[in-house]
Structures are given as C-alpha cells and as structure tokens.
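S.K.: Just to be clear, the model below is a prediction. Sequence and coordinates:
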Amino acid sequence: MTLLRFFLLTCLLTLSACSGDDDKALQAKFDAFGTEIDISLYGVDEATADKTVVLLEDSFSEVNNTWHAWHPSVLTTINKAISEGKTIAVTPDVASLINQAKILATASNNLFNPAAGKLFALWGFNQDDWFVSHPPPNEESINEWLSDIPTMADIHINHGELSSDNPKVKIEFGGFAKGYAVDAAINILQNLGINNAIVNIGGDLRVIGSHGKRPWIIGIRHPRKDGMMASIALKSDESVFTSGDYERFFEYEGIRYPHIIDPRNGLPARDATSVTVLHTNASEADAAATALIVAGKDWPQIAAAMGIDHVMLVRPDGQIELSPKMVDRVRLINNATPPIIREIEKLTP
C-alpha cells in the first residue's frame, strides 16, 4: 500500500485559489493508472480521511487490475477469448461497464470505439514503452484493419456470457476507464457520508459539494503553452475531463504522433488539440472528450447525440470554440482572440 500523507490544503495548484483558514481541506496523493491520483476532502478529520483514502486507493487498483489493456487482467482474458472465437463468463459488474460503453460508442457514431484495441496496438500505444520513438504502422496494416472495422456492437452479452462474431474486436478502455474509476471513487465517498471532495486523476476529475463557503475552482491546461488557459468554478457533483494531443504521443523522424486515433481512417486525430467536457457523470465525460476530439469540426453534432452540452474545443490554430452553455461557465485566461460560439444541434436526416 502506498504511504499516504495528508496535509492542510490552503492553495491547491490548478484546483483552487488560495483561501483563508476556514476553507482548509485535506489532500492525499497516490499513483494508479500510470498517473497521480489527487484526493481532496473537506470537512473530515485526519483519521477519517486516512481510512477513506486507503479505500479509494484499493478501488483504483481494482479498476486498473480489471481493465488493464496489456498487463494480465480480466480484460486481457476477455480479449483472448474473443480472439479465439470463444464464449466467456463475465460478472454483472463487468457486463454493466461493457454495456455502458456500447451505449456511448453507438451515440458517438463509434468515434469513441473501445473495440479498436488492435488499432491502438498497431500504433504501439498498448505497451509500457509507448513513448519511445518507433515507426508508425504501414498503410497496408492500417487498411487491413479498416477492411472490417470492429465496434462495440460486435460484442454480445447474454445470460452472463460474452461473445463476439468479429475476431478483430479487442477491447481497450483507455478513453473510459479513468472516468469509471472516478465515478466509483465518488460512490465510495458518498456511501461514507463524505459530501465535499475532489477526486482528480491526472487533471481529469469529479467534485462533490463545495470547498467550504466557495465552490471548487479548477484550471484547464493549455494544450500548447505552459500554464492554464481557463478556469471553471464547479457546482456540486460535476466532472471535467479533457482529451488532448499533448497527453500521450511519440515522435519519429521529426513527426509527432498523438495517441488519439480516428477509427474512421486509422490515423491520429488532427482537427483539434484538446477538448474539455463538463458533465455530471465522469464516465460519460471521459468517453465524450475522446469522441469529440476525434470529431473535430463536427463536434457539435456528436455532442448532441451523446447528450453533452458543455464543451470547449481548441483548434490546431489556437482558436477556441465553446458551446453556448460552456460560455457561462468557463473563464478564459490571457485569451487574445474571442472564442467562437457553436450551437449544439443534431444533423438533419
């Protein structure tokens, strides 16, 4: 178990502004999912906080061990069965998460496509040394994958048994598992009667309650510069998730290859540098941020289909695009160019 150290929080960088003594919170950090988990609790004593965060660390570890895409896990066992054309028994919790992912994938027109694990593997992102310089996959291997694109609709769960009629299916929840883990952590806090907290996983987070007499205030990282590009004062029970091309990438012969792959063409998404989604549910925010950065200029239609109405997108030229409801929530920092407001409307059939 990771050694947990709590301290009084008077200025949580990128999460809240400095405050007086009446607004102190307890904070703990530990590692999971290959990143730092930051827990901030308000209104609890240190003994309670210590016990609580041990439970949260166990929860994150359980999610990671269940859904890890390449280390031995429940997920790798499922993927092995799919590749061999076999049926495999799954628990109700596993079935529930996969079914949730199927619903979100369908709503996103499969721009969020967790069944595309073999495509992610082609690009070298399903391994511990994904950041090491290496050649991108050749056109022939990408076209072979595109010849029969697997989707979550190829996965069938009946009476506790999972199967797929497409051996190309390989489930990978990189754009979803973090949100699921955050939602699970918040459920633990609420069941313990803790109603004022932040659970932050590498900058993606969900908050409940408030920070004393004021809201939790979070910062949104600039995708191309050091520091923050915006801040948001969060209401109780809101999540903020960002997908950006700066998060995971490798370089080869002077070209930068980000990890967000467009399943329509098998290539890295290039039409946006980051997308931030504000939503009540962390799992849905996580999946939507992935889908919308792939959608690029068509993000309003995909957002509408997914039921997302708070969006901030940054284009490669630095131009910021906001949904109307996000205008009322986000405070842009040092922004010289006015943002473009785009209505969220479904495409006309």
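M.R.: Ah, there it is. Every value quoted in this text rests on a predicted model; they were computed, and no experiment measured them.
S.K.: Can you read off the pLDDT for the residue nearest in space to the middle of the chain?
M.R.: Closest to where the C-alpha atoms of the chain average out (CA atoms, centre = their mean) is Asp286, at 3.3 Å. Predicted confidence (pLDDT) for Asp286: 96.
S.K.: With adjacent residues omitted, what lies nearest to it?
M.R.: Nearest non-adjacent residue to Asp286, counting by CB to CB, 6 or more residues apart in numbering: Gly179, 2.9 Å away. For the C-beta atoms, the positions are set from N, CA and C on the backbone; glycine is no exception.
S.K.: picking up where we left off before, assign the residue nearest to the centre of the chain to helix, strand or coil.
M.R.: The assignment at Asp286 comes out as helix when based on DSSP: H, G, I helix; E, B strand; the rest coil.
S.K.: State whether it and Ala181 are indeed in contact, as I suppose.
M.R.: No - contact criterion CB atoms under 8 Å: Asp286 and Ala181 do not qualify, at 9.5 Å.
S.K.: can I assume Pro258 is in contact with Ala272?
M.R.: No - between Pro258 and Ala272 there is no contact under CB under 8 Å: 10.4 Å.
S.K.: which residues in this protein form helices?
M.R.: 46-67, 74-83, 92-107, 117-122, 139-146, 177-191, 282-295, 299-306, 324-327 (DSSP state H).
S.K.: Dump those to a markdown table, plus distance to Ile198.
M.R.: Shown next, in a markdown table, are these (distance: least, CB to CB, whole Å):
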| stretch | distance to Ile198 |
| --- | --- |
| helix 46-67 | 12 |
| helix 74-83 | 28 |
| helix 92-107 | 23 |
| helix 117-122 | 29 |
| helix 139-146 | 39 |
| helix 177-191 | 10 |
| helix 282-295 | 12 |
| helix 299-306 | 24 |
| helix 324-327 | 20 |
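S.K.: Highest mean neighbour count out of these?
M.R.: Mean neighbours per residue, mean count of other CB atoms under 10 Å, is largest over the helices of the chain for helix 282-295, with a mean of 28.
S.K.: and it, what does it pack onto?
M.R.: Packing contacts for helix 282-295, counted by 3 or more CB pairs under 8 Å, 6 or more residues apart in numbering; DSSP states H and E, involve helix 92-107, helix 177-191, strand 204-208, strand 238-244, strand 274-279, helix 299-306, strand 311-314.
S.K.: what's next to the first one, contact-wise?
M.R.: By that I understand helix 92-107. For helix 92-107, contacts defined as CB atoms under 8 Å, 6 or more residues apart in numbering pick out 66-67, 74, 78, 90, 112-115, 151-153, 155, 157, 160, 162, 171, 173, 176, 180, 283-284, 287-288, 291, 305-307.
S.K.: before we move on, the earlier item: identify the residues contacting the residue nearest to Asp286.
M.R.: So Gly179 contacts Asp204, Ser239, Phe241, Asn281, Ala282, Ser283, Glu284, Ala285, Asp286, Ala287 (CB under 8 Å, 6+ apart).
S.K.: any idea how far it lies from Ala287?
M.R.: Gly179 sits 7 Å away from Ala287, going by CB to CB, to the nearest Å.
S.K.: if we can go back for a sec, how close does the residue nearest to the centre of the chain sit to Ile293?
M.R.: Per CB to CB, Asp286 is found 12 Å from Ile293.
S.K.: before we move on, the earlier item: of all the helices and strands packed on helix 282-295, which one is nearest Asp38?
M.R.: With CB to CB as the criterion, Asp38 lies closest to strand 204-208 of the helices and strands packed on helix 282-295, at 8.0 Å.
S.K.: which sections of this structure are below the confidence cut-off?
M.R.: 1-23, 346-349 (pLDDT under 70).
S.K.: start to end distance for stretch 228-241?
M.R.: Taking CA to CA, to the nearest Å, stretch 228-241 runs 15 Å from one end to the other.
S.K.: mind checking how far the closest residue to Asp128 other than its chain neighbours is from Ile260?
M.R.: Distance criterion CB to CB, 6+ apart; nearest residue to Asp128, sequence neighbours excluded, is Trp70 at 7.7 Å. As for Trp70, its distance to Ile260 is 18 Å (criterion: CB to CB).
S.K.: Also Asp309?
M.R.: Between Asp309 and Ile260 the computed distance is 22 Å (CB to CB).
S.K.: Kindly report the same for Gly212.
M.R.: 37 Å.
S.K.: Please identify which of the two sits among more neighbours.
M.R.: Using other CB atoms under 10 Å as the criterion, Gly212 and Ile260 rank with Ile260 on top: 23 against 18.
S.K.: re earlier: quick one: closest of the helices and strands packed on helix 282-295 to Phe60.
M.R.: helix 177-191 (5.4 Å).
S.K.: In CSV: the helices and strands packed on helix 282-295, plus distance to Gly254.
M.R.: What follows is those, written out as CSV (distance: least, CB to CB, whole Å):
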stretch, distance to Gly254
helix 92-107, 34
helix 177-191, 31
strand 204-208, 30
strand 238-244, 21
strand 274-279, 22
helix 299-306, 29
strand 311-314, 23
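S.K.: Nearest to Phe30, out of these?
M.R.: Among the helices and strands packed on helix 282-295, helix 177-191 sits nearest to Phe30 (CB to CB), with 11.6 Å.
S.K.: Between helix 46-67 and the closest one, find me the angle.
M.R.: On the basis of axes from the mean of the first three to the mean of the last three CA atoms, to 10 degrees, helix 177-191 is oriented at 150 degrees to helix 46-67.
S.K.: Next one: Leu41 from His211, what distance?
M.R.: From Leu41 to His211 the distance is 10 Å (CB to CB).
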